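**Student:** below: sequence and its predicted model.
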Amino acid sequence: MASEKAKGIVLASIAAATYGMNPLFALPLYAEGMDTYTVLFYRYLFAVPMLAVMIKARGRDFKLQRKEIIPIVLAGLIFAMSSITLFLSYRYMAAGIASTILFIYPVLVAVIMAVFFKEKVKLATVVSILLSLIGIALLYKGDDGTTLNLTGVLIVAASALLYAVYIVGVNQSRILRKVPTVKLTFYGLLTGTVLFFCLTGFGTDISPVKEWYHWFNLIALAALPTAVSLTCTTMATHYIGATPTAILGALEPVTAVIIGATVFNEGLTDRIIFGILLIILAVMLIVTGDKIPTALLRFRKLFPKLKKQ
């Protein structure tokens, strides 16, 4: 049992940390003049066969029922649009801050559920919204009085909203919630690949890969933040449950911020750190809701005290 918990913790940590690596592989490609649609086209294109291998490894097939096709394509388009807006935001603001703002999507999920599905608004939801807004406000204006690019903030906020819509749609659809996660993601990536191929002028406007080692960045972008992150998230949820997995998901923006500060020299002030912590706290409140003591106890049990000799 303890070994399963340990596996779950490790897998959830890997899932969050690898997803936070998006900027590590995307920004060097931007620096070489590669456009956003080309980067995403290769990311999705290379991720598709990786997901196909996972599906076969789990003994599943690729068959879809006729009624599943349109919902899956629509979900794939929303998922792809979320990727577009996130990667576009990297051009307007520090990638670490963009990844942190993206992390408010669980808060937006709660808002959507309350507004459109009449889910009861809990005190934790209200507090989370306030904390996330304060956190974003702290990120928006730096200690030196400079502010973030408003366009970048709106774009990454749109990315978080689109991802929240994707999550709500998948979980509320009687059709989509019966489709295995890996298969749903496979067809979502396939849909995105087709979309990005169209957005690059049916391949005519794809930016050239100037150096051989940039292929490493493209493949790593498909493997780590996509295939590995997805697989580890699914396995971690199996071992330790959705709540601890979501809590450990806080490593996602933390990883992006650390990479931004150490690799790309992005500014990291006390104000920014406090804003990031407020956003992470807001997400934790949404994840645990009115079951905070229970959730904390479950999370604490993942780290049992060592017995004294």
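**Tutor:** That came through fine. Numbering: from 1, shown residues only.

**Student:** use CA for all of it now, contacts and neighbours both
**Tutor:** Noted.

**Student:** and the nearest residue to Ala15 once chain neighbours are set aside, what element?
**Tutor:** Distance criterion CA to CA, 6 or more residues apart in numbering; nearest residue to Ala15, sequence neighbours excluded, is Ser229 at 4.1 Å. According to DSSP states H and E, Ser229 maps onto helix 229-240.

**Student:** tell me what that helix is packed against?
**Tutor:** If you count contacts as 3 or more CA pairs under 8 Å, 6 or more residues apart in numbering; DSSP states H and E, helix 229-240 packs onto helix 2-19, helix 242-248.

**Student:** what about the stretch 201-309 of the chain, any weak spots by pLDDT?
**Tutor:** Low-confidence segments of the stretch 201-309 of the chain, defined by pLDDT under 70, are located at 243, 289-309.

**Student:** 90 - rerun?
**Tutor:** 210-213, 226-227, 230-252, 254, 257, 261, 265-273, 275-276, 281-309 (pLDDT under 90).

**Student:** what's Ile78 in contact with, if anything?
**Tutor:** For Ile78, the contact set (CA atoms under 8 Å, 6 or more residues apart in numbering) comprises Leu162, Tyr163, Val165, Tyr166.

**Student:** skipping adjacent residues, who's closest to the second one in space?
**Tutor:** Spelled out, that is Tyr163. Excluding the flanking residues, the one nearest Tyr163 by CA to CA, 6+ apart is Ser82, at 5.7 Å.

**Student:** A strand includes the one you found, no?
**Tutor:** No: counting by DSSP: H, G, I helix; E, B strand; the rest coil, one finds Ser82 to be helix, located in no strand.

**Student:** might one say that it is in contact with Ala160?
**Tutor:** Yes: if you go by CA atoms under 8 Å, Ser82 and Ala160 touch, sitting 7.0 Å apart.

**Student:** the helices in the stretch 151-300 of the chain, which residues?
**Tutor:** With helices called from DSSP state H, counting those that start in this stretch, the stretch 151-300 of the chain shows them at 181-199, 214-222, 229-240, 242-248, 251-262, 270-288, 292-301.

**Student:** next: the stretch 1-150 of the chain.
**Tutor:** Going by DSSP H, counting those that start in this stretch, the stretch 1-150 of the chain shows helices at 2-19, 22-31, 36-57, 66-89, 95-102, 105-116, 123-140, 150-172.

**Student:** of all those helices, which one is nearest Asp205?
**Tutor:** helix 36-57 (8.2 Å; CA to CA).

**Student:** and the helices of the stretch 1-150 of the chain as TSV, adding mean pLDDT and distance to Leu221?
**Tutor:** Converted to TSV, the helices of the stretch 1-150 of the chain look like this (pLDDT from 0 to 100; distance: least, CA to CA, whole Å):
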stretch	mean pLDDT	distance to Leu221
helix 2-19	86	9
helix 22-31	94	6
helix 36-57	94	6
helix 66-89	95	12
helix 95-102	91	15
helix 105-116	88	22
helix 123-140	85	26
helix 150-172	92	18
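
**Student:** and of those helices, who's closest to Ala256?
**Tutor:** helix 95-102 (4.6 Å).
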